[in-house]
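> Structure of the sequence below:
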Amino acid sequence: MNRHHFLQALEHQLVLLAQAVAPLADRPLAYSRFDRQLFQSHGTRLRDYLSEVEQNFQSLRHLVTENRTERVAFMTEKLVAQIGALQRELSTQALRRQEKTPVAIASDLYQKLAEHQDYERRLNLMIQDRESQLDRATTLSAQQQLQREVAALEGRLARCRQALARLERQVERREQGL
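Got it, this is the predicted structure:
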């Protein structure tokens, strides 16, 4: 296959790819889907990646006219890999729709954070209640039982606070866009 036919075939693939990407081009993805070595773009829209492929195709055409054989081979290999990656992404869109959106994930995080804050509040109230009962307890066995309950509740409170800190870090990273 001579260079002219090869470029025509590649251009035809790009036209088909652009048509397939068009309905989804501006829909934001939850995160960048591609290897950072494959694409320079790190956006979350397929249009960004398609634009990079089209620019690389124009660069390939230029390299072919300059007869730079090694660069042509490299750029062709990269372009074919990029086209394949975009085609695979398009073929998995039905599965991707089932994934949670960033908004749903963020609302889940806020929901969990609110639940854990409520757990923390209730555990603190339970500890205060047991400690006040401990102050009023008259028998040794009742005091020991209440002390065990306070210790168990304090352990639960410590684990709850660890979970809260972890959730707060996740919310912070999400808000920073990481």
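
> how is the protein carved up into domains?
Domain assignment for the chain, taken from automatic domain parsing, gives 3-98, 102-175.

> now do the same end-to-end measure for stretch 57-72.
One end of stretch 57-72 sits 10 Å from the other (CA to CA, to the nearest Å).

> Distance from that stretch to the middle of the chain?
Stretch 57-72 sits 36 Å away from the centroid of its parent chain (CA atoms, centre = their mean, to the nearest Å).

> C-terminal to the lowest-mean-pLDDT helix or strand in the chain, what's the next element?
Lowest by mean pLDDT, DSSP states H and E among the helices and strands of the chain is helix 93-98, with a mean of 63. Per DSSP states H and E, helix 93-98 leads on to helix 102-136 as the next helix or strand towards the C-terminus.

> Can you name every helix or strand that the very next helix or strand once past that following helix contacts?
As assigned by DSSP H and E, the chain's next helix or strand after helix 102-136 is helix 140-175. With contacts taken as 3 or more CB pairs under 8 Å, 6 or more residues apart in numbering; DSSP states H and E, helix 140-175 sits against helix 102-136. To be clear about C-beta, it is placed using only N, CA and C from the backbone, and glycine gets the same treatment.

> Flag every buried residue along the helix it packs on.
Residues of helix 102-136 classed as buried by neighbour count (16 or more other CB atoms under 10 Å): Leu109, Lys112, Leu113, His116, Tyr119, Glu120, Leu123, Met126, Ile127, Arg130, Leu134.

> check which helix or strand covers His12.
Assigned by DSSP H and E, His12 falls within helix 3-21.

> now that helix: mean pLDDT?
Averaging pLDDT along helix 3-21 gives 83.

> ok, and what's touching that helix?
1, 46-47, 50, 53-54, 57, 60-61, 64, 76, 79, 83, 86-87, 90 (CB atoms under 8 Å, 6 or more residues apart in numbering).
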